[in-house]
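In: need coordinates for the following:
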Amino acid sequence: QVQLVESGGGLVQAGASLRLSCAASGGTFSRYVMAWFRQAPGKEREFVGAINKSGVRTYYTDSVKGRFTISRDNAKNTVYLQMNNLTPEDTAVYYCAGDPRSDDAVITVIDAYDYWGQGTQVTVSS
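Out: Now for the predicted structure:
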């Protein structure tokens, strides 16, 4: 069973960049499809982006395409979310998640993810 710990959140101004990290331990990281989700106050948790096990395929929700980039380093057991040109609408708690059961693909369905980090707050001021 893998444990996930996010870091890198913070308070930034609109237009700034942040890089979130999610460190995994306790499992074979390369066997997990990984994803980032976010949850804004009063809203449901939503998919942000996912990366397949080898890291060669990614997929993003439309609102972050061209601004956010997911990557992973299986040697370091870490997945990243590079966020550029942030807007106030990106304000949320960001969670990384791991899917140990799917094939080597990008998975957007929240129920596929068994393992979750505790979340890291990202606040973007206007």
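
In: hey, let's count contacts and neighbours off CA atoms from now on
Out: Noted.

In: what's the helix or strand for the spatially closest residue to residue 15 that is not a sequence neighbour?
Out: Leaving aside its sequence neighbours, residue 15 sits nearest to residue 85 (C-alpha to C-alpha, 6 or more residues apart in numbering; 4.1 Å). Residue 85 is part of no helix or strand, with elements assigned from DSSP states H and E.

In: now do the contacts for residue 85.
Out: Applying C-alpha atoms under 8 Å, 6 or more residues apart in numbering, one finds that residue 85 lies in contact with 14-17, 67.

In: please list only the buried members of those residues.
Out: Listed as buried from the contacts of residue 85 are 14, 17; burial here means 16 or more other C-alpha atoms under 10 Å.

In: among the contacts of residue 85, which ones are in strands?
Out: Within the contacts of residue 85, no residue falls in strands by DSSP state E.

In: in a markdown table, list the contacts of residue 85 along with pLDDT and distance to residue 107.
Out: Listed next are the contacts of residue 85 as a markdown table, based on pLDDT from 0 to 100; distance: C-alpha to C-alpha, whole Å:
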| residue | pLDDT | distance to residue 107 |
| --- | --- | --- |
| 14 | 98 | 29 |
| 15 | 98 | 29 |
| 16 | 98 | 28 |
| 17 | 98 | 25 |
| 67 | 98 | 20 |
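
In: out of the contacts of residue 85, who's nearest residue 78?
Out: Here the nearest of those to residue 78, counting by C-alpha to C-alpha, is residue 17; it sits at 19.1 Å.

In: the nearest residue to that closest one once chain neighbours are set aside and residue 15: what is the separation?
Out: Nearest residue to residue 17, sequence neighbours excluded (C-alpha to C-alpha, 6+ apart): residue 84, at 4.3 Å. Applying C-alpha to C-alpha, to the nearest Å, the value for residue 84 to residue 15 is 7 Å.
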